[in-house]
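Enquirer: Provided below for reference: sequence and predicted model.
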Amino acid sequence: MKDEIKNNSEQEKTNNTSINEEIDKSINKEKQKPEDKNLTKDEKIKDLEEKLVRSLAEMENQRRRFEKEKEDAFDFGGFAFARESLLLIDNLDRAKISISNNEIFKKNNELSKILETFDVVQKDLISIFKRNGIELINCLNKKFDPNYHQAMLEIEDENKEPGIIVQEIQKGFTMKGRLLRPSLVGVTKKKNDNEKKDDKNSTKNELKDNKKNEENSEKN
């Protein structure tokens with residue numbers, strides 16, 4: 001046991017000696033640098049001050065990054081949960097459509113009250129989301145924005161300029177200014193020249209067919 005203690009103490013001394021030697025070597029290397037030899041005391045002090053300032057700046061940047069990451073983790077930690085919770089609103093919409101189109105429910109005099117109940121539940125859900133920073137994207141009759149909208153279909157409309165949202169297929173939401181889910185929408189488009197020509201030709205053909213039918217009927 002004593003031998004082991006002696007061996008350990010000797011090993012520690014050896015390790016300490018080797019560490020001190022390495023430190024001395026590194027100090028001597030720094031002393032032997034040609035640029036250090038030519039520096040005056042004031043220049044050395046200035047150099048140390050610059051190094052200290054750089055170190056403090058790096059520490060401050062790291063602190064800011066850490067604070068930003070902490071804030072993002074606090075604000076957006078429930079991002080995935082919030083996105084999954086939007087399925088509740090989607091299912092309410094689907095249930096309303098399904099009940100409205102059901103022939104049995106259409107005959108029920110209480111259908112309007114049932115749909116009103118769905119609307120109340122949906123509005124309550126949206127208000128709860130809003131209190132937690134989750135807001136509905138209002139997109140109808142607005143210009144298409146790829147940052148918040150996803151076009152699913154194009155609808156011909158000569159009365160509106162192209163790219164106006166006229167149909168909302170699925171509601172979109174943001175969370176504290178960050179996109180949570182885009183709105184799935186239908187946007188307007190104008191007919192191109194070829195389509196207009198085809199329409200004109202089809203109308204002309206229809207008129208010709210109508211005239212032929214009238215002539216044939218008169219002959220008969």
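Expert: On my side now, so go ahead.

Enquirer: so V185 touches K171, yeah?
Expert: No: at 10.1 Å, V185 does not count as touching K171 under the criterion of C-beta atoms under 8 Å. (Glycine included, C-beta is placed from N, CA and C.)

Enquirer: who has more neighbours out of the two?
Expert: V185 (25 against 18; other C-beta atoms under 10 Å).

Enquirer: any weak-confidence spans in the chain?
Expert: Along the chain, segments meeting pLDDT under 70 span 1-37, 70-77, 192-220.

Enquirer: let's go with 90 and repeat that
Expert: Low-confidence segments of the chain (pLDDT under 90): 1-86, 88-89, 92-119, 122, 126, 129-134, 141, 156-161, 175-178, 189-220.

Enquirer: now do the helices in it.
Expert: For the chain, the helices defined by DSSP state H cover 2-32, 34-37, 41-76, 79-101, 103-106, 111-131, 193-219.

Enquirer: how much space between L115 and G133?
Expert: Separation of L115 from G133 (C-beta to C-beta, to the nearest Å) stands at 29 Å.

Enquirer: so who does E103 touch?
Expert: If you count contacts by C-beta atoms under 8 Å, 6 or more residues apart in numbering, E103 has none.

Enquirer: which strand residues bridge Q170?
Expert: Per DSSP bridges, the residues bridged to Q170 are L184.

Enquirer: neighbours around it, how many?
Expert: Burial of Q170 is recorded as 15 neighbouring residues (other C-beta under 10 Å).

Enquirer: in stretch 88-108, what counts as buried?
Expert: Using 16 or more other C-beta atoms under 10 Å as the test for burial, stretch 88-108 gives I89, K96, I99.

Enquirer: quick one: contacts for the closest residue to the last one other than its chain neighbours?
Expert: Think I99. Spatially, and ignoring its direct neighbours in sequence, I99 is nearest to F105 (5.0 Å; C-beta to C-beta, 6 or more residues apart in numbering). F105 sits next to I99, L111, I114 when contact means C-beta under 8 Å, 6+ apart.
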